[in-house]
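Undergrad: Please find the sequence and the predicted model below.
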Amino acid sequence: MDQIRIIGGTPLHGVVEVGGAKNAALPILAASLLGGGECIIDHVPQVQDLVTMGKLLALLGVEVQTEGGRVMLEASNVQSIEAPYDLVKTMRASILALGPLLTRLGEAKVSLPGGCAIGTRPVTLHLKGLTMMGAEIHVEHGYIHAKASRLKGARIDLDFPTVTGTENLIMAACLADGTTSLHHVAREPEIMDLCAFLTKRGAKIVGAGTDTITIEGVRELHGASHRVMPDRVEAGTFVMAGAITGGDVTVKGCVTDHLGTMFTKIQEMGVELTEEDGEGVRVRRSTPLKAVEVKTLPYPGFPTDLQAQMMALMAVAEGTSVMTETIFEGRFLHVPELHRMGALIDVDGPHAVVKGVPRLAGAPVMASDLRASAGLVLAGLAAEGETIVSRVYHLDRGYERLEEKLQALGAQVQRVREVI
Ligand code: EPZ
């Protein structure tokens with residue numbers, strides 16, 4: 001297994017381009033299942049999760065061709081209704097096949113994703129919504145088995161604004177009989193990107209980005225082309241890389257509006273952020289980082305996917321910060337690894353009290369999940385000496401060539417093969 005080796009202490013300088021959003025590309029590729037006609041998707045990040053989604057779609061009978069960041073899909077002949085466990089266990093987002101398969105073919109058999117490092121991650125809200133649209137759903141032997149001759153439009157009030165739950169229900173409603181109104185839905189920009197793509201395919205959707213989305217079912221969708229939105233989590237990660245190293249970094253290709261709350265919190269820490277003609281942000285810091293209080297919330301609140309990265313900044317800020325994680329019950333796995341680097345963090349349920357230290361010390365650390373790994377890399381960039389992050393396959397699920405992009409900014413970082 002590969003490792004990332006970092007020698008910390010170099011302020012980063014230069015320009016980095018943000019890639020396509022993993023969490024927009026995943027539902028958009030899954031939406032190819034909704035009908036025939038060629039779909040050409042550009043700006044797809046070349047990361048493991050998208051490779052896995054491509055394999056799943058091909059298994060279901062979708063013709064999938066990939067050329068760099070372009071994915072071409074044709075789903076006229078979807079034959080299989082089953083998303084098998086051995087694929088789903090490697091990527092929870094496979095659950096996004098459930099809604100499209102059910103509404104297109106009248107049946108779907110999708111392995112329960114199971115939990116992961118950051119929490120139990122149930123999908124009950126997905127199933128409750130589909131049941132309200134007339135689906136007959138049985139969960140047995142680890143599989144979700146759903147049937148419906150044709151889903152019916154319904155009013156669905158979500159108990160929680162689940163991101164993939166919202167996406168599954170939007171896709172299911174596209175071909176349902178009648179109108180579906182979804183309430184208390186997730187408002188993430190990735191959902192707006194999915195709806196933009198579905199609309200190009202002939203879906204009738206209003207309200208994307210608000211907490212109520214109305215979908216009028218149609219008989220079929222046609223092909224379309226789409227360019228995936230920039231990845232706001234990758235953008236935020238690079239903003240924080242510039243902030244923690246005290247350099248001068250311009251993050252290009254990101255939509256600064258998508259960074260909202262994160263922007264404000266980073267500025268509160270004393271980091272200078274200036275927008276570059278609406279499609280990027282310049283990051284500079286000339287004073288020590290200051291402590292802040294952060295609470296992760298559904299969009300437009302502070303994104304849980306930037307929590308671990310933010311905690312790395314808090315670990316070397318002057319004063320005592322508090323991070324409250326309200327989305328996932330197990331998303332503090334990076335804390336014991338930061339302890340190994342000398343961070344002073346006390347966890348009490350959803351709260352982490354972080355007492356800043358002048359400098360972290362490089363150490364061998366273990367990645368546990370995608371965003372925790374990014375947090376450890378940021379900590380290594382600022383630490384004294386060498387940090388080796390193991391199990392970087394977690395990182396490769398969601399970051400494209402992270403170490404190359406950091407090298408281009410002057411970081412002393414390289415990928416090495418683990419010596420067993
Ligand atoms: C999406 O996961 C993202 N993944 C996650 O990004 C992200 O962290 C998360 O949204 C929150 O923003 C993709 O988009 C592929 P949720 P999702 O359903 O949809 C509870 C990354 O690093 N819940 O919004 O699975 C759940 O337990 C990944 O790129 C229920 O209780 O997240 C959690 O506590 C990690 N019942 C909370 O809602 C349900 O039926 C948020 O989950 C569904 C969810």
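TA: Cool, got the structure.

Undergrad: which stretches of the protein aren't confidently modelled?
TA: Judged by pLDDT under 70, the chain has its weakly predicted residues at 115, 278-279, 419-420.

Undergrad: Okay, helices next: where are they in the stretch 151-300 of the chain?
TA: All helices of the stretch 151-300 of the chain, identified by DSSP state H, counting those that start in this stretch, fall at 163-174, 189-200, 232-245, 260-268.

Undergrad: give the contact list for the closest residue to G37 other than its chain neighbours.
TA: With C-beta to C-beta, 6 or more residues apart in numbering as the criterion, G37 has its nearest non-adjacent residue at 2.8 Å, and that residue is G223. Placement of C-beta: from N, CA and C, glycine included. By C-beta atoms under 8 Å, 6 or more residues apart in numbering, the residues touching G223 are 36-40, 74, 201.

Undergrad: before we move on, the earlier item: between the helices of the stretch 151-300 of the chain, which one is closest to the ligand.
TA: helix 163-174 (3.3 Å; C-beta to the nearest ligand atom).

Undergrad: about what we covered before: quick check: the farthest pair among the contacts of G223?
TA: Using C-beta to C-beta, the contacts of G223 span at most 14.0 Å, a distance reached by G36 and I40.

Undergrad: next one: phi and psi at the residue lying farthest from the centre of the chain?
TA: The C-alpha centroid of the chain is most remote from S149, which lies 32.7 Å away (C-alpha atoms, centre = their mean). In this entry, S149 is assigned phi and psi values of phi -60, psi -50 (degrees, to the nearest 10).

Undergrad: what do you get for A203?
TA: The phi and psi values for A203, taken as degrees, to the nearest 10, are phi -70, psi 150.

Undergrad: now the strands for the stretch 251-400 of the chain?
TA: Secondary structure of the stretch 251-400 of the chain (DSSP state E, counting those that start in this stretch): strands located at 272-275, 280-284, 293-295, 320-324, 344-348, 351-355, 364-366, 386-390.

Undergrad: From the chain's centre, how far out is the first one? Work that out for me.
TA: Relative to its chain's centre, strand 272-275 lies at 24 Å (C-alpha atoms, centre = their mean, to the nearest Å).

Undergrad: list the buried ones in that strand?
TA: By neighbour count, with 16 or more other C-beta atoms under 10 Å as the criterion, the buried positions of strand 272-275 are L273.

Undergrad: With the fifth one instead?
TA: Applying a neighbour-count criterion of 16+ other C-beta under 10 Å, one finds I345 buried in strand 344-348.

Undergrad: what's the nearest residue to T287 once chain neighbours are set aside in contact with, if anything?
TA: Distances taken as C-beta to C-beta, 6+ apart put G270 closest to T287, at 4.9 Å, once the chain neighbours are dropped. With contact set as C-beta under 8 Å, 6+ apart, G270 has these partners: 285, 287-290.

Undergrad: Adding distance to E188 and neighbour count as columns, could you present those in TSV?
TA: Supplementary listing: the contacts of G270 in TSV, determined by distance: C-beta to C-beta, whole Å; neighbours: other C-beta atoms under 10 Å:
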residue	distance to E188	neighbour count
R285	28	21
T287	33	11
P288	33	14
L289	27	24
K290	29	15
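
Undergrad: and the end-to-end length of stretch 311-322?
TA: Using C-alpha to C-alpha, to the nearest Å, the end-to-end distance of stretch 311-322 comes out at 9 Å.

Undergrad: same check, this time on stretch 362-374
TA: Terminal residues of stretch 362-374 are spaced 15 Å apart (C-alpha to C-alpha).

Undergrad: ok, now stretch 145-153?
TA: With C-alpha to C-alpha as the measure, the first residue of stretch 145-153 is 20 Å from its last.

Undergrad: Show me what from the chain comes close to the ligand.
TA: By the criterion of C-beta under 6 Å from any ligand atom, the positions of the chain lying close to the ligand are 22-23, 26, 93, 119, 121-126, 160, 162-165, 304-305, 327-328, 370-371, 398.
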